[in-house]
Every structure is written in structure tokens, then in C-alpha cells.
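J.: quick one: sequence plus predicted model below, questions after.
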Amino acid sequence: MSTETVKIARLGAQGHGIAEGEKGPVYVPHALPGETVAIARNGNHGMLISIAEASPDRAAPLCRHFDPDRDACGGCSLQHLAEAPYRAFKRELVVEALKSRGLTPEVGELIAAHPRERRRAVFSARKTEKELLLGFNRAETNHIVSIEECPIAAPGIMARLDAIRAIGQALATGSDIFRITVLETLSGLDIAVDGLKPLSDKQRRAVTETVLGLRGIARVSVNGEVVIEPQKPLIDFGGVKVSPPPGAFTQATKPAEDAMAVLVLGHVGKAKRVLDLFAGSGTFALRLARSAKVHAVESEEKPLKALDHAARNTQGLKPVTVEKRDLFRRPMIPQELKNYDAVVFDPPRAGAEAQVKELVRSGVKAIAAVSCNPVTLARDLRILVDGGYRIKSVTPIDQFLWSPHVEAVALLEK
């Protein structure tokens, strides 16, 4: 490891400052374009030591745990960047991904995320001789930084840190790291623990007694199995109450989810029959069912059952049908797609390549593509454009504040 002074040229896709060295780029976390910084260099990675010349875009971090000079939490990577350049950086991630595929559609301004909006948080936990460490990993390590505050997470989660620690303490036996996913629901916190060995009767009794002595805990599950459920956890999809299965995917913030839904419904709102692919527990399907017949397709059975149960028990919805199907291996084909006026898809980070190749052979008029990965979204949009679709708009949406992750909704028509 050597010490040297470098000039930061730009921000990389992961939010790191990039300096151009003789042997290629050097990536420096917590550094900003235009800054002259001293670093401890190890290969193409530089650890920030000091800043000789600071950028005017540098901002004071809100959180005590975001401090590269101390034991820094790795949950955020961009708290030190001022709001306007931060938003421009997020939007540019989408613009550049599209440009790399030769696409230059209208890209809207970023729909911003704000502090204290995150309703879902994934903590790392490990039992020590003295306590249960609960927090986030230091960047690129397995070292847990135990947290006392988090300006991103919803107040309802942060106010219950002691309760979450108590539940983790009741479950932990060895010193292995495990994960605690906390979702704030209408009926209390839904706590899903993963990475533990099968529970003993003693652990079950301990966590049950712990939860019964606490308020505001809706459910605790371990490795997908419900251990105790004082209240059925409920989330609201456009006025439809859904009880998701343990650890099920939900959008990280409700404002971002609502913004996505407004875009999707505004685009396909007049369609009579809509196909919702990678439907999850019904984020879009149940909203769409206010005005259209919906067929929801999802590969996992439990979220699909939650969607189906909510649809059957909510008055005022059009018919909703469900289908368990792996769309990566068995995408919907043109003969099936011909029954629908519009298609919505919201796939995992891998995108929906196999499915969009079938969509271009169909007569579907309107498509709403929701993505958490600009790179695979750009690939899928290129296929659709080459197949005769026009991109009306692309809207970047932030729900992972101060991170390099950005969502986008693309609206297309035949």
C-alpha cells in the first residue's frame, strides 16, 4: 500500500470518486469530482486520508455513522454530495445506460427520495459476548457497524431498535452473522430473520416471550417460517390491504411506490385487460384492478397467494386472475399476449430479456416497464424499440437515498 495525492476526475457508477492514474482508474470512496485528495492506495482502490482541495458540491453528512475517518457504516455512499449534483448523478445513471444501447428518449427529472422514508431496512446482526451487534456492514467488509441512528429509515423502525435487538438476541446462539429484514406495516413491524440454523424449542420460547412483552411487533419469522404473529402485517396497495408473506419483496419506500403507480396507471389506465408480469404481492395488479381485468403472473407461490387473497376480499375490483410461472424459463408467448391491451412488467435486476423478445412478436399496444437496474432496462428497451415500440418517456425514481441505486419507469407504445 502506497500513499499519494490524486485529482478526482468524475464519479463512478458506484458513487466512488475516480482518479485517472498511469495504470488506469483509481476508485476513491467519499471523494468528489474536482477534489485533490491524499489516498492510501492498494491497487486500483484508494482510501481517503485527507482533502487538500474540496469540491463546492461537498456537503456535511447528516449521520454520525457516515465518517470515513472512523468506523464508517457502508449503508450510504453519497451523503457527502450536495442535493442538486446528487440528483443529477442519479438521473445520469439512467441516461448513460440508455445511451450505451443507442437510445436517447426523453428522460425526466429524478423523482427524489427524502430522509426517513425507508419503510424496509435490512440489518446485519451478530451476537458477541457483551451484546447483539445490529447495524450495517462497513463497505466491502463483513464488519458490522452497530448503529444508533439512520436518517434514511422510517421513524417507526428507528424508534424500535431496542425491540429489534431484543428479538435478535433471543434468536442468536453462535457468533455467525445473520440478517434481520424489518418492514414497517400498518399493523406493526414485520421482522424476517434469515441465516440462522433451524430453531430449537428454547429459541422459539425465548423469542415468543420476548415479542409478547413488546408492543408494535406484527410478526416474526425465521428462514421463511412464521414463529409468532400477534397481528397480521398489512400493507396498502392503492387502497387494497395485503398481508405479504415473510420477507416478501416490497418497494423500499411508499412515496416511490406511489410515484411508480401513478406513471403506470396513467399510461395503461384505459386498457380493459392488463397483464402484470413479475407481479409480486400485487403492487400494480391490485391498483390496476380498479378499472381493468388483470392477469397477474409471478414465479413465487406465497406472494401470489397474498395477491389472490387480497383481490378476492376487496370490494369494487374488476376480476383478477393469477398464474404461477417462471417467466425467465417460460415467458408469455404471442398467442397468450394477444388477449391483452397493455402489459406491465417489474422484473428482478436481471431484467426481462426472454419476455420482451416475445412481446415484440405480439400486438400489445401499451407497455409499462419498471426496473431497478438501468443497465438491463436499457437492454430490454433496445429489444422493444427494434421490435416496433416507441419510448414515450423514462422517469428515474430514487428510493435508495444516498446510494448508487436508481429505479426507472419506461412507458412505451406500439
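T.: Looks like it came in fine.
J.: what's the neighbour count on residue 204?
T.: 15 (other C-beta atoms under 10 Å). Yep, even glycine has a C-beta here, placed from its N, CA and C like the rest.
J.: quick check, residue 6 in a strand?
T.: Yes - membership of residue 6 in a strand is supported by DSSP: H, G, I helix; E, B strand; the rest coil.
J.: spell out the residue ranges of the helices in the stretch 301-414 of the chain.
T.: Secondary structure of the stretch 301-414 of the chain by DSSP state H, counting those that start in this stretch: the helices cover 301-312, 334-337, 353-359, 374-386.
J.: should've said the stretch 101-250 of the chain
T.: Assigned by DSSP H, counting those that start in this stretch, the stretch 101-250 of the chain shows helices spanning 155-158, 161-171, 201-212.
J.: if I look at residue 327, how far off is residue 76?
T.: The gap separating residue 327 from residue 76 is 33 Å, by C-beta to C-beta, to the nearest Å.
J.: ok, those two, which is more surrounded?
T.: Under the neighbour definition other C-beta under 10 Å, residue 327 and residue 76 were set side by side, and residue 76 has more, 23 against 19.
J.: residue contacts, the more buried one?
T.: The contact partners of residue 76, by C-beta atoms under 8 Å, 6 or more residues apart in numbering, come to 61, 63, 66, 152, 401, 402, 403.
J.: separate out the buried members of those residues.
T.: For these, a burial check counting by 16 or more other C-beta atoms under 10 Å picks out 61, 63, 66, 152, 401, 402, 403.
J.: how close does the residue nearest to the spatial centre of the chain sit to residue 386?
T.: Nearest to the mean C-alpha position of the chain, by C-alpha atoms, centre = their mean, lies residue 252 at 5.3 Å. Residue 252 is 32 Å from residue 386, where distance means C-beta to C-beta.
J.: before we move on, what about residue 224?
T.: 40 Å.
J.: double-check that residue 264 belongs to a strand.
T.: No - read with three-state DSSP, residue 264 is helix and lies in no strand.
J.: per-residue pLDDT, it?
T.: With respect to pLDDT, residue 264 has a value of 98.
J.: quick one, what contacts it?
T.: 284, 287, 288, 344, 368, 370, 409.
J.: one step back: out of the helices of the stretch 101-250 of the chain, which is closest to residue 338?
T.: Nearest of those to residue 338, taken as C-beta to C-beta: helix 155-158 at 45.3 Å.
J.: which helices and strands does the closest one pack with?
T.: strand 178-185 (3 or more C-beta pairs under 8 Å, 6 or more residues apart in numbering; DSSP states H and E).
J.: packing partners for the strand it packs on?
T.: Applying 3+ C-beta pairs under 8 Å, 6+ apart, we find strand 178-185 packed against strand 120-127, helix 155-158, helix 161-171, strand 188-194.
J.: any idea which of those is most buried?
T.: Neighbour counts (mean count of other C-beta atoms under 10 Å) averaged over each of those peak at strand 188-194, with a mean of 24.
J.: other residues contacting that one?
T.: With C-beta under 8 Å, 6+ apart as the test, strand 188-194 has contacts from 156-157, 160, 163-164, 167-168, 171, 178-184, 216-224, 230-231, 233, 244, 246-247.
J.: can I get the buried part of the residues you listed as one PyMOL selection?
T.: Buried residues among those (16+ other C-beta under 10 Å), as a PyMOL selection:
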select buried, resi 157+160+163+164+167+168+171+178+180+181+182+183+184+217+218+219+220+221+222+223+230+231+233+244+246+247
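J.: excluding chain neighbours, what is closest to residue 214?
T.: Of all residues not flanking residue 214 in the chain, residue 163 sits nearest, at 4.9 Å (C-beta to C-beta, 6 or more residues apart in numbering).
J.: contacts only, for that neighbour.
T.: Here residue 163 is in contact with 189, 214, 216, 217 (criterion: C-beta under 8 Å, 6+ apart).
J.: and those residues, which two are furthest apart?
T.: With C-beta to C-beta as the measure, no two of the contacts of residue 163 lie farther apart than 189 and 214, at 9.3 Å.
J.: roughly how far out does stretch 176-190 sit from the chain middle?
T.: Distance, stretch centre to chain centre, for stretch 176-190: 15 Å (C-alpha atoms, centre = their mean, to the nearest Å).
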